[in-house]
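Novice: For reference, the sequence and a predicted model appear below.
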Amino acid sequence: MYQDFLSETGVVVASIPNVGHYTVLLNILGGNFPYRERGLHDKTHLRWFTKKTIVELFTHNQYDVTIVQRNYRLVEKNINTKAAGYLNLIAKYIALILYPIRDMFVFQYLVLCTKSKGLRITTKLLMIDRLTINVNIEQTE
């Protein structure tokens, strides 16, 4: 999985949509999978992942999964209403209340992986409208 292109202290950062989001599951239960121009049902997506299969993908290819961060949303951002914005603001709190099924409210996962396990990584990850990632890497061996 392109490991030759990554330096020993390099990182892989991936933003991967969650096929286990409640809106996807409701569509499937209703016999529908509406391909769209963007979002969870983006017509360009070739494979579909849950948190478990994301971790399996990277570990199977000898990457060390360092961070898996959840990005909670109740509705897709292409719904341009104030109500949608407010719903997305409270999404993580709803997920905390419904903790056993919290991954049904994860819109996408932000994954950070390294090529080798001997790295100490400290990060500050923010996901708002635009993604900002600060990563500090130190060789520990």
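Specialist: Sure, I can see it.
Novice: rest of the way, CA atoms for contacts and neighbours
Specialist: Will do.
Novice: Quick check: bridge partners of the residue nearest the centre of the chain?
Specialist: Against the mean C-alpha coordinate of the chain, by CA atoms, centre = their mean, the closest residue is Tyr109 at 1.0 Å. Applying DSSP bridges to Tyr109 gives these bridge partners: Ile16, Arg70.
Novice: which ones are touching it?
Specialist: By CA atoms under 8 Å, 6 or more residues apart in numbering, the residues touching Tyr109 are Ala14, Ser15, Ile16, Pro17, Asn18, Lys51, Val68, Gln69, Arg70, Asn71.
Novice: list the contacts for the last one?
Specialist: So the one you mean is Asn71. Val106, Phe107, Gln108, Tyr109, Leu110, Met127.
Novice: how about a cut-off of 6 Å?
Specialist: Taking CA atoms under 6 Å, 6 or more residues apart in numbering, we find Asn71 in contact with Val106, Phe107, Gln108, Tyr109.
Novice: so the third one touches Ile16, yeah?
Specialist: Yes. Under the criterion of CA atoms under 6 Å, Gln108 is in contact with Ile16, at a separation of 5.3 Å.
Novice: ok, back up a step: now, of the contacts of Tyr109, which are buried?
Specialist: For the contacts of Tyr109, a neighbour count by 16 or more other CA atoms under 10 Å gives the buried set as Ile16, Pro17, Asn18, Lys51, Val68, Gln69, Arg70, Asn71.
Novice: low pLDDT regions in the protein?
Specialist: The chain contains residues with pLDDT under 70 at 1-2, 77-80, 118-141.
Novice: ranges for the strands of it?
Specialist: Counting by DSSP state E, one finds strands in the chain at the ranges 11-17, 64-72, 106-114, 119-127, 131-139.
Novice: Grab the longest helix from this protein for me.
Specialist: helix 82-97 (DSSP state H).
Novice: In that helix, which residues are buried?
Specialist: Quick answer for helix 82-97 (16+ other CA under 10 Å): Ala84, Gly85, Asn88, Ala91, Lys92, Ile94, Ala95.
Novice: Good, we can wrap up now.
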